[in-house]
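Visitor: Predicted model, plus sequence, below.
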Amino acid sequence: MICIEHATVYTPDEVIADGAVWVADGRIQTITRSSQIDLPGRASCIDATGLHLVPGFIDLQLNGAIGLDFTTEPRGIWPVADYLPRTGVTSFLPTIITAPLTAVSAAQKIITGSPPRGFRGATPLGLHIEGPFLHPDKKGAHNPAHLQLPTAEKVASWSPENGVRLVTLAPELDGALDVVRLLSERGVVVSAGHSAATFAQAVAGFAAGICYGTHLFNAMPPLHHREPGLAGALLADERATIGLIVDGEHVHPELVKLVWRLVGSGRLTLVTDAMAALGMPPGRYMLGSHQVIVDETTARLPSGTLAGSVLGMDTAVRNLIRFTGCTLAEALPTVTRTPADLLGLPHKGRLAPTCDADLLLLTPNLEVHTTFVGGRIAYQKE
């Protein structure tokens, strides 16, 4: 049982100066002003004077970190999860990119198993399967040798109960809409991405159950004034939530600002799309079966194609605020409540009573000071 007091507290409805949050049994119990908190004598108090207290961040697309690639090393999910709280992430979707379908099965076994003894890292909420049902012309850094058409048989074991939470596919592929309906009925979030879909094909995908767009603008046709394509459909359709990589490389800062003005925080989720080089020095790292050349800011194939990112979610939040001029309170839903709502997890992404005590203390410069997962400290800045 802990009490975090004298923080600036960000709830879904208000910002409380000199606020206090009482946590017990892994959940938020009470939120109030520090002067009004009434705690049992056995509570441990943390003085957070000068710090922001916000919900922990949720990343819907993460390929790996600290030298580990989930597609080829699914056991890396746990050590990466242990690393992520230093970037503010308390929940995430380990992402498996295009590979033989046995790679998905291997990752399902890991994510539905038990974490290591004493584990205190970020919570894997289920897999994001990005491929192999992608358009060959928009493959990006995915291996074309493993691309294939979607069928019901290939996704027979894909469900939240079996560790699959989100699937990215190209809705224009033969058989895709039937698979979209099937996965949606099971409670899997289906996303359009790595796609050459026209505007009409994208809208047909939304009607079938697609409700998300994977890394807007990247690996899809450019927005055209006579054929808006998938990008235009995602921006225009209120049914669609959008993922955006805000590293200043994947999408120009001015276009980030334009997207923000169009959809706001209610339909926008920041994603890192980070790969094995996150948390590592420049060098060569793997993304699936491809070797990627990494410098201080980007990850690219030898051809120059972007291959994921080296972006931490805390940096993404700071970038969004810098690119758009929005406030921290305005930016927070894009990495907390909006992704939680997309996944159907009302107990995540909020500072509210009964919600999971996944919390961050941020410095005035919005750097991660302390991360709590389930009410326990998972990271604390020295």
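Guide: That came through, no problem.

Visitor: pretty sure Ala48 contacts His6?
Guide: Yes - applying C-beta atoms under 8 Å, one finds Ala48 in contact with His6, separated by 5.6 Å. For the C-beta atoms, the positions are set from N, CA and C on the backbone; glycine is no exception.

Visitor: Check which helices and strands whichever strand or helix holds His128 is in contact with.
Guide: Per DSSP states H and E: His128 is located in strand 127-130. Identification of packing neighbours for strand 127-130 by 3 or more C-beta pairs under 8 Å, 6 or more residues apart in numbering; DSSP states H and E yields strand 57-62, strand 89-97, helix 102-111, strand 164-169.

Visitor: who does the last one pair up with?
Guide: When you say that, I think you mean strand 164-169. strand 127-130 (parallel), strand 189-192 (parallel) (DSSP bridges).

Visitor: Deepest-packed of those strands, please.
Guide: strand 127-130 (a mean of 28; mean count of other C-beta atoms under 10 Å).

Visitor: Quick one: distance of it to the chain centre.
Guide: 11 Å (C-alpha atoms, centre = their mean, to the nearest Å).

Visitor: Also stretch 257-266?
Guide: For stretch 257-266, the distance to the chain centre is 17 Å (C-alpha atoms, centre = their mean).

Visitor: Contact partners for Phe199?
Guide: 227-230, 232-233 (C-beta atoms under 8 Å, 6 or more residues apart in numbering).

Visitor: Any idea how many residues pack against the closest residue to it other than its chain neighbours?
Guide: Distances taken as C-beta to C-beta, 6 or more residues apart in numbering put Pro228 closest to Phe199, at 4.6 Å, once the chain neighbours are dropped. Neighbourhood size, Pro228 [other C-beta atoms under 10 Å]: 19.

Visitor: Quick one: mean pLDDT for the strand holding His128?
Guide: Averaging pLDDT along strand 127-130 gives 98.

Visitor: what's in contact with it?
Guide: Counting by C-beta under 8 Å, 6+ apart, 60-62, 93-98, 104, 107-108, 111, 142, 158, 163-168, 193-194, 214 sit against strand 127-130.

Visitor: cool, stretch 320-338 as well?
Guide: Residues contacting stretch 320-338 (C-beta under 8 Å, 6+ apart): 10, 12, 15, 52, 54-59, 88, 241, 246, 248, 253-254, 256-257, 260-261, 265-270, 313, 316-317, 348-350, 362, 366.
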